[in-house]
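Colleague: Build me a model from this:
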Amino acid sequence: MSGPLLAPAGPRRQRWLRITRGILGEFVLFVVLTALAPLLLLAACGVDFTLWLRRRKPWMAVRLLVLMWMCLFGELRGLVGVLRVWLLSGGPWSSDSPRRRQRTYRLQVAWASGHLAAVCRLCGVSFEVEGAELVGRGPLIIFARHASIVDNGLPARLISGAHGFDLRYVLKHELQMLPTLDLGARWVPTCFVERASNDPEREIARVASLAIGLDGERDGVLIFPEGTRYTAAKLAALKARSDIADPRLRASIERLQHTLPPRTGGPLALLAQAPQAAVLVCGHVGLDDFRDLREIWSGALIGTTVRVRFRRYERAELPQLREDLRTWLYECWQELDDWVAAQHAARAAGVAA
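Modeller: Numbers count the residues shown, from 1 in each chain. Have a look, this model is predicted:
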């Protein structure tokens with residue numbers, strides 16, 4: 001058993017009220033959606049058929065309705081899984097143990113990859129993975145691109161599921177609104193980060209703590225260095241800012257086209273806490289059309305092939321000094337951005353890059 005379990009922030013009563021509301025909300029919505037499914041599907045078919053006749057638009061109303069039902073079903077199934085882990089670990093006498101952690105990690109993989117699988121089945125999404133053999137052995141610190149509302153399921157499918165890694169996640173604190181995460185993620189090392197915190201050093205220290213005891217061949221920590229989903233508007237807003245004094249950050253922002261500049265505090269803290277861990281960079285192209293409901297509604301994701309690329313860096317390859325590591329991280333992200341740009345160009349030309 002390794003890695004600390006981070007205690008929830010805020011009053012205990014407030015947290016349990018949030019969990020109760022979340023569970024009731026998901027259950028009620030699932031029941032209502034199931035009960036009204038025949039009428040809702042009929043209406044969705046009418047909308048889709050009309051739009052198909054007018055402009056041959058893919059049938060997205062039906063897909064979105066079914067996807068909503070599948071996601072709610074997946075959430076409720078995840079809650080049943082959390083209950084099962086709790087009961088098998090002793091119920092009211094449940095406490096941290098290697099067995100409870102392993103059960104929770106397995107549930108984590110099934111829950112996260114299950115949501116991604118629902119999207120793939122309904123939209124005909126397939127995957128091409130480059131460098132899967134580079135995942136290899138741990139311990140690993142994983143830097144992943146974030147450009148979609150569903151790409152956080154990629155590590156569960158392609159790293160945990162495919163290679164048996166037990167991943168510790170750095171997640172935004174808003175995801176605590178999902179009761180499955182608010183409950184189950186507390187039983188394995190997970191850090192919910194408040195991105196607009198008044199005490200950023202405290203948040204960075206909490207992120208760094210995930211790398212404590214990161215020494216097993218199947219241990220890994222995953223962080224999304226951009227801190228939020230990429231959009232062209234967010235990148236344009238950064239480029240328009242005049243208050244960025246750091247010349248390296250300013251140069252990085254100016255050169256990027258398809259990613260946001262990495263926030264260096266968390267990643268560098270993880271690297272400092274686990275000097276024995278290799279770095280794995282996960283880039284992907286294809287889920288960019290799944291950033292928000294407007295893009296989902298367009299149907300652009302239908303039949304998409306998602307290209308995923310892994311790059312591995314052994315620690316002997318990386319600089320030793322913190323400032324040099326920071327420069328390396330900017331360069332690493334620029335290289336990823338260049339790859340994303342090449343993939344977009346190839347897709348536009350109708351060829352494989």
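Colleague: Can I get stretch 217-225 as CSV, trimmed to CA atoms?
Modeller: Taking Å, rounded to 0.1, in the frame of the first residue of the first chain, the C-alpha atoms of stretch 217-225 are listed here in CSV:
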residue,chain,number,x,y,z
GLU,A,217,6.2,-1.2,-11.8
ARG,A,218,2.5,-0.5,-12.3
ASP,A,219,2.3,2.8,-10.4
GLY,A,220,1.5,6.1,-12.2
VAL,A,221,0.3,9.6,-11.6
LEU,A,222,-1.7,11.3,-14.3
ILE,A,223,-2.0,15.1,-14.7
PHE,A,224,-3.5,17.3,-17.5
PRO,A,225,-0.8,20.0,-17.5
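Colleague: mean confidence score for it?
Modeller: Regarding stretch 217-225, the rounded mean pLDDT is 95.
Colleague: Provide a list of residue ranges in the protein with pLDDT below threshold.
Modeller: Residue ranges of the chain with pLDDT under 70: 1, 351-353.
Colleague: Who are the contact partners of the spatially most central residue of the chain?
Modeller: Residue closest to the average C-alpha location in the chain (C-alpha atoms, centre = their mean): residue 152, at 2.0 Å. By C-beta atoms under 8 Å, 6 or more residues apart in numbering, the contact list for residue 152 reads 112, 146, 171, 224. From N, CA and C alone the C-beta is placed, and that goes for glycine too.
Colleague: and the first one, helix, strand or coil?
Modeller: Meaning residue 112. With DSSP: H, G, I helix; E, B strand; the rest coil as the basis, residue 112 sits in helix.
Colleague: That one touches residue 153, doesn't it?
Modeller: Yes: counting by C-beta atoms under 8 Å, residue 153 is a contact partner of residue 112 at 4.6 Å.
Colleague: still on that earlier bit, over to the residue nearest to the centre of the chain: give its phi and psi.
Modeller: phi -70, psi -10 (degrees, to the nearest 10).
Colleague: Tell me how many other residues surround residue 208.
Modeller: 20 (other C-beta atoms under 10 Å).
Colleague: what residues are up against it?
Modeller: Residue 208 neighbours (C-beta under 8 Å, 6+ apart): 266, 269, 270, 272, 273.
Colleague: wait, which of the contacts of residue 152 is closest to residue 20?
Modeller: residue 171 (20.9 Å; C-beta to C-beta).
Colleague: what about the closest residue to that closest one other than its chain neighbours, which SS state?
Modeller: Nearest in space to residue 171, with sequence neighbours left out and distances taken as C-beta to C-beta, 6 or more residues apart in numbering, is residue 192 at 5.4 Å. Here residue 192 is strand, with the state taken from three-state DSSP.
Colleague: can I assume residue 192 is in contact with residue 169?
Modeller: No: between residue 192 and residue 169 there is no contact under C-beta under 8 Å: 9.1 Å.
Colleague: can you map out the strands along the protein?
Modeller: 126-130, 140-144, 166-172, 190-193, 219-223, 278-285, 305-313 (DSSP state E).
Colleague: Residue 237 is nearest to which of the ones you listed?
Modeller: For the strands of the chain, proximity to residue 237 was assessed by C-beta to C-beta; strand 166-172 is nearest, at 18.5 Å.
Colleague: Within its sheet, name the partner strands of the closest one and how each one runs.
Modeller: strand 190-193 (parallel), strand 219-223 (parallel) (DSSP bridges).
Colleague: For that strand, list every residue counted as buried.
Modeller: Buried residues in strand 166-172, counting neighbours by 16 or more other C-beta atoms under 10 Å, are found at 166, 167, 168, 169, 170, 171.
Colleague: Turn those residues into TSV, including distance to residue 282.
Modeller: Conversion of the buried residues of strand 166-172 to TSV gives the following (distance: C-beta to C-beta, whole Å):
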residue	distance to residue 282
166	17
167	11
168	15
169	13
170	14
171	16
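Colleague: Go through these and say which is closest to residue 64.
Modeller: The nearest one, if we look at those relative to residue 64 and count by C-beta to C-beta, is residue 171, at 24.7 Å.
Colleague: I'd like the distance between the closest one and residue 63.
Modeller: Using C-beta to C-beta, to the nearest Å, we find residue 171 at a distance of 27 Å from residue 63.
Colleague: quick one: the residue nearest to residue 85 when sequence neighbours are not counted from residue 181, how far?
Modeller: Distances taken as C-beta to C-beta, 6+ apart put residue 103 closest to residue 85, at 4.6 Å, once the chain neighbours are dropped. The spacing between residue 103 and residue 181, counted by C-beta to C-beta, is 16 Å.
Colleague: Please apply the same query to residue 150.
Modeller: 15 Å.
Colleague: same thing with residue 43?
Modeller: 32 Å.
Colleague: Those two: which is more packed in?
Modeller: residue 181 (22 against 14).
Colleague: Look up how far residue 90 lies from the closest residue to that one other than its chain neighbours.
Modeller: With C-beta to C-beta, 6+ apart as the criterion, residue 181 has its nearest non-adjacent residue at 5.4 Å, and that residue is residue 175. As judged by C-beta to C-beta, residue 175 and residue 90 stand 27 Å apart.
Colleague: out of those two, which sits in the more crowded spot?
Modeller: residue 175 (16 against 11).
Colleague: what about the spatially closest residue to residue 265 that is not a sequence neighbour, neighbour count?
Modeller: Once flanking residues are discounted, residue 265 sits nearest to residue 204: 4.4 Å by C-beta to C-beta, 6+ apart. Using other C-beta under 10 Å, residue 204 is surrounded by 20 other residues.
Colleague: Thought residue 270 was touching residue 204, still the case?
Modeller: No: with contact defined as C-beta under 8 Å, residue 204 does not count as touching residue 270 (9.5 Å).
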